[in-house]
Structure formats: C-alpha cells, structure tokens
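Undergrad: sharing a model prediction with you, sequence too.
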Number of protein chains: 2
Amino acid sequence: MRKIINQPNDFVDEMIDGILLAHPDKLKTPGDDKRVLVRADAPTGKVGIVTGGGSGHLPLFKGYVGKGLCSGVAVGNVFSSPSAQQCFEAAKAVDGGAGVLFLYGNYGGDVFNFDLAIDLAELEGIETRTALGRDDVASQPNERKLDRRGVAGIFFAFKGAGAAAERGDGLEAVAAVAEDIIEHTATMGIGLSPTILPTTGKASFDLPEGEMEIGIGIHGETGIHRGPLETADQIVERLMAPLVADLVLVRGDRIAVLVNGMGATPLEELYVMYRHVHQQAALIGVTIEKSYIGEYATSLEMAGASLSILKLNDERLELLKAPADSPFFVEV
Amino acid sequence: MRKIINQPNDFVDEMIDGILLAHPDKLKTPGDDKRVLVRADAPTGKVGIVTGGGSGHLPLFKGYVGKGLCSGVAVGNVFSSPSAQQCFEAAKAVDGGAGVLFLYGNYGGDVFNFDLAIDLAELEGIETRTALGRDDVASQPNERKLDRRGVAGIFFAFKGAGAAAERGDGLEAVAAVAEDIIEHTATMGIGLSPTILPTTGKASFDLPEGEMEIGIGIHGETGIHRGPLETADQIVERLMAPLVADLVLVRGDRIAVLVNGMGATPLEELYVMYRHVHQQAALIGVTIEKSYIGEYATSLEMAGASLSILKLNDERLELLKAPADSPFFVEV
C-alpha cells in the first residue's frame, strides 16, 4: 500500500479527529460518538438535513455540513454504512423542531440503517422525510431509475435542499426540493485505476493498465463499457450522451455541470474535460449556467472522473446560487 | 499513461481553455496569448501582483488569481517556465499605475525569464519589485536559505501580499509583506510515487513501491531521506521537526499550517496528517491559528504531501484572514 496512514483500523477515526481539530468553529460532535458530526452553529426552528454513508469519499459526506448545506452527518467505515443509532443521533442533534430530512445515496446498507433511524426518531417525536440520491444512470436504465445508485450528483441536492432549509422552508417543501433536484440530475463515471482499501489491502476493482471503464460506480461497481483508454474528448462524449438522453435535454435548456475527480485525477485533466463538455453543450444549444470542477465525491485514490448534469429552471438555479459555507465548499 | 487527455502537446492549452470557459466572470486573457491570465475585475490604482511558473501544479499558479490574491499569471508548459514576453504581458495588463510585484518560486528558468520581463517593464515605465518563494527547507540548509526552491508555502505569500495590495498598500509595502512572509515560511515534502509527464511519458522520479522520499521537490527533485514507507505519525514528525528548527519555533509561538496534497493523496490522509501536526504543535506549546488542508500545489498525479508552516504575528494573521476570492480559493 502507498498510503500515509497509521494502523488501518484507526484510519477513519484519526481522519475525523483531524477534521474536528482543523474546523472547531464549523463542526462539532453532539455526543460521544465522533462519527456523528453536526454544524457548530446549527440554527433552531429550521429543517435539519442529515446525510451519511461510508467513509473514503471526502469531501462527501462530511464536507457538506455547514450553512446552506446539510446540518449533520453520520459516517461508517470506508465504503460501509453508518449504524442506525448513528443516523438517529445525528437527527436528534440537528432537529430544531421543524423536522429532519434524511438525504443520502441509494445503497442497500445505508437505506437499511437510515430506515431504522426513522423508527427511532419517531419514538422521540421527530418528524422525518427521506430523499435518496439516485443519479448514476449507468446503474439502471431510465425505466428503473428509482433503483439507481447515488453518486456525485447528490451534491446538487445538498446545495438546493440546504438553501431551501436555510431560507426557512418547511419539511415537506425541503424534501420536495431535494426530490425535484434528484429527479433532474444524472451522472456518469469513468474509472482508470482502483483504490486500495486500507484494512484489506485489496483493490476496489480490477482494470488492466491502459484500459478504462465507463459507467463505473464510486466503490468500483461494474460499468457499461470497458475498453482501451480513449482521448478526453471521446470520453466526455461517452459520458455526456447518456446524460443528455436521460434528462431529455433540448435546445434552449439550461444546465449546471459538475466535473468531479475521483481522487488521483489531476485538476488539469478535469478542466480539459470541462472544455469539451462546454463545446458539446454549445453544439446542442444547451447553456451551462453554473459549473463545478474539482473533487466533490471521491473514492480515496481512485483515478477517474464523473460528469453530472442538473437540468435547471429558475428555482433550481436560484438555490444553487444561494450562499453556503462549510469547510469544503463555499458559495459567496 | 493513465491520463484523461487529448494530444499531449495540446494538454496545457486545452486546460486553460477549460478554465476560461468555466470562469469567465473571474479570469480573462488580456491579449491573444491565453497563457497569460488576469483578474476579470482588476482594480486600477492598486499594486498588481504577477505570479507564474510551469503548468501541472493546479491550483498553483492560475488558481490564485483573484480578489485579495494575485492579479495576473503567466504559465509555461508542464514544469517549464513561461517566457519573458508572457511575464511582461501579464505585468502590463495588471499595472494600474501603482507598480507590479513579481512573486513566484525560486527556479532558474523562472528567475531568468521574469528578470528579462523586468527590463521590458522598465522600458514601458512600469515599476517592478520581485519576491521569490523559497520555502523548501530540504533544498538548502538554513545558512543558504536564499538559494532554496519555492514550493507550496508560496500560498501564504500570495494570500498576505494579495491582502496588502487589496487594502491599498504601495509597491514597497506589498513587496515587504511578501518578503516578510517568505522569510517566516518553511515547507517539507514527502513523495510516494511520481507523476508521468504527458509529452514524454516519463516518470518525474523513480521510487520503488513501498518506499518514501522525504524532502522531495514538486518536480521530483531529490530529497534528504529515502527509506521504507513509515506511519503517518512518523512521517509528520520527519516533516515537522526540520520546520520547527528552521523557524526557531518556541513555546507560545503562533503558526499557520498548510497540509498540501501533491495530487493522488486522498484528503482523508491529509487530515490524518493534520491530526498529528496539531498534536505535535500542542506538545511544544505552539498554537495553530489557521489551518489549510487540501490540494494547494500539486504535481499532476504524484502521490505525496507537504507540510508548510508560517510563523505568525498579528499582522501576518490579519492578512491571512482578509477576504479573498478566486476560482480555487475563497476566504469569507
């Protein structure tokens, strides 16, 4: 392994220690379990948003806890769900009387534990709603889109639902914003090399040198095409065409774009990709109103990238433009 | 190669195209040469700050052009200096009548070309000063510190000098701020694997799997120790001890810390490192007043990290805390 770590079993907790030591003004642990983090300045009277999932995806999930984003987070081991108790603890800590939205990616273990947390929250009289990120178009065809996995595109839902909660929307309305954004978000990924899991020393997937896998998931889930590595422009076209089809983008549409690095892919390459995304959008008469380029949802040191598109209307664009402030994402 | 690029020779220009397409509200090309970028909203009457150097280090250098940071930048090919003409073009574009500070890393090619640019600027009646980032303590011993290379710690000088220019300091004062910060900044790096240069397909350095190189430069320059990979805590101690000695940190001192990822090292590992930096600082009675953790100066997809420390006084801390806004760095 080529990792800067101590004991592999301490990796997640030591990483959280680092986050808490670096950002005491922004994040805190509400109880004794440091895998549950909340905004240091969580306002009362507003809807709380709790996210969570496996570790190893920074800035997902802990990076999106802050003003105008999520209110709390529960994380598990690398690529493993947090427990129901942890999800519940996060909800209890951020509930300011207006209820809590659980907003996370559609993975079996996460759904199982967050659903148990709903029961625990109800016993405490905390009203909850759930919205599942399910933007990975390679994971299921359009007719089964409710079964899709959630990947980097959940960032748009954090941003929009967080802005809605911050302006004082009620629980139903914040949940509806999250659902609306999820409904209009689609993502495709490409993998060039796997990550090595710290505790097992095993690769997250196998891929011969010089090959690429289109449609790969952020834990190395199998994609829809494997073949020799192509040029950046060819890759962008392979990623973008299914998104345009899935979102039924037509001339005159407006979109937001996220070109996301998976961990080991240089920012330079993401900008080379963005250049062609912009060219392709212009070709079909679609306007990019907002772009995000960088690492938003990673898979430790995996080499690869993903392209997410959110189809915009005035409301969605306004929510994206609203202020936000977390240790990892700032919108001024 | 495992890169998302088109023709290797087009890599730099296509990356810049992507940056300009993504951030038209923040960055622009003043002339026909897109390797020269300036703030879209550069104010007149204030001191201009021009940086530059080789490509392949994003967000260094182009990422630090914006409000409260640098005013303009000239970049060359991957790991290659910009031309004198490009450095001059940047200076001419950002000169608002108050003169221009050239602020860049201490490398032979860059010094040669920026020095020629000074002559060109003088012919145009533009007053200039120069400050060289030279924070890499592994590159020269303390008694030859003026010969040290510049690495990630130059970020502190961008931030401080940029804030000084923004508040209206004159050219001498802005240059003095940059020199003062450089004088109190020290950096040590660790490399775990090289980057592959796009045009040649060659590795930037050789390192057997499972080994680490302490003191490595951001282009793969030889360090001061090579051996089997150690734990994160051991690595932090190896990086931090020379910095504490070089800056003569003693109980009661205040510092700012930058834990910088070189490209392929996950953010999680940087936080594991930061945790121990914080512990070690506490042990010697030194307080971390400001911390930066993430990718600030990379070497494409090199695996590794660096630790930079800036010894603070009230003035330096105030300059760090001043607002800044570029596509890659925001301080609110």
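TA: Done, it's in.

Undergrad: hmm, stretch A:293-309 touching chain B?
TA: Yes: judged by CB under 8 Å from any CB of the partner chain, stretch A:293-309 comes into contact with chain B through A:293, A:295, A:298, A:300-301, A:303, A:305. Glycine gets a C-beta too; all of them are placed from N, C-alpha and C.

Undergrad: so what's the gap between that stretch and the chain middle?
TA: Chain-centre distance of stretch A:293-309: 10 Å, with CA atoms, centre = their mean, to the nearest Å.

Undergrad: same thing with stretch A:190-200?
TA: Counting by CA atoms, centre = their mean, stretch A:190-200 comes out at 18 Å from the chain centroid.

Undergrad: try stretch A:62-71
TA: Stretch A:62-71 sits 12 Å away from the centroid of its parent chain (CA atoms, centre = their mean).

Undergrad: other residues contacting that stretch?
TA: Residues outside stretch A:62-71 that contact it (CB atoms under 8 Å, 6 or more residues apart in numbering or on different chains): A:16, A:19, A:26-27, A:37-39, A:41-42, A:48-51, A:61, A:72-73, A:75, A:94, A:100, A:103, A:155, A:158-159, A:162-163, A:165-166, A:322-329, A:331.

Undergrad: what subset of these is also close to chain B?
TA: A:16, A:19, A:325.

Undergrad: mind giving me the ChimeraX command for buried ones among the residues you listed?
TA: Selection of buried members from these for ChimeraX, criterion 16 or more other CB atoms under 10 Å in any protein chain shown:
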select /A:16,19,325
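
Undergrad: what ranges do the strands span in chain A?
TA: Using DSSP state E, the strands of chain A run over A:27-28, A:36-39, A:48-55, A:72-78, A:100-105, A:128-133, A:185-193, A:211-214, A:225-228, A:254-261, A:287-294, A:303-311, A:324-325, A:330-331.

Undergrad: residues contacting the nearest residue to A:L307 once chain neighbours are set aside?
TA: Using CB to CB, 6 or more residues apart in numbering or on different chains and skipping the chain neighbours, the partner closest in space to A:L307 is A:L239 (4.4 Å). Each residue near A:L239 by CB under 8 Å, 6+ apart is listed here: A:188-190, A:214, A:306-307.

Undergrad: please apply the same query to A:A42.
TA: Going by CB under 8 Å, 6+ apart, A:A42 touches A:48, A:71-72, A:93-94, A:96.

Undergrad: neighbour count and distance to A:E269 for the residues you listed - can I get that in a markdown table?
TA: As requested, the contacts of A:A42 are arranged in a markdown table below (neighbours: other CB atoms under 10 Å in any protein chain shown; distance: CB to CB, whole Å):
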| residue | neighbour count | distance to A:E269 |
| --- | --- | --- |
| A:G48 | 30 | 37 |
| A:S71 | 28 | 34 |
| A:G72 | 26 | 34 |
| A:A93 | 23 | 39 |
| A:V94 | 27 | 37 |
| A:G96 | 16 | 42 |
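
Undergrad: need those in CSV (columns: pLDDT).
TA: Formatted as CSV, the contacts of A:A42 follow (pLDDT from 0 to 100):
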residue, pLDDT
A:G48, 98
A:S71, 97
A:G72, 98
A:A93, 97
A:V94, 97
A:G96, 91
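
Undergrad: and those residues, which two are the farthest apart?
TA: Across the contacts of A:A42, the longest distance by CB to CB is 11.0 Å; it joins A:G72 and A:G96.

Undergrad: any shared contact partners between these two?
TA: Contact criterion CB under 8 Å, 6+ apart; residues shared by A:G72 and A:G96: A:42, A:48.

Undergrad: name the nearest residue to A:A161, ignoring sequence neighbours.
TA: Nearest residue to A:A161, sequence neighbours excluded (CB to CB, 6+ apart): A:A178, at 4.1 Å.

Undergrad: isn't the one you found up against A:L132?
TA: No: between A:A178 and A:L132 there is no contact under CB atoms under 8 Å: 9.1 Å.

Undergrad: more neighbours, the two?
TA: Taking other CB atoms under 10 Å in any protein chain shown, A:A178 and A:L132 do not tie; A:A178 has more neighbours (28 against 23).

Undergrad: which pLDDT value belongs to the more buried one?
TA: At A:A178, the model reports a pLDDT of 98.
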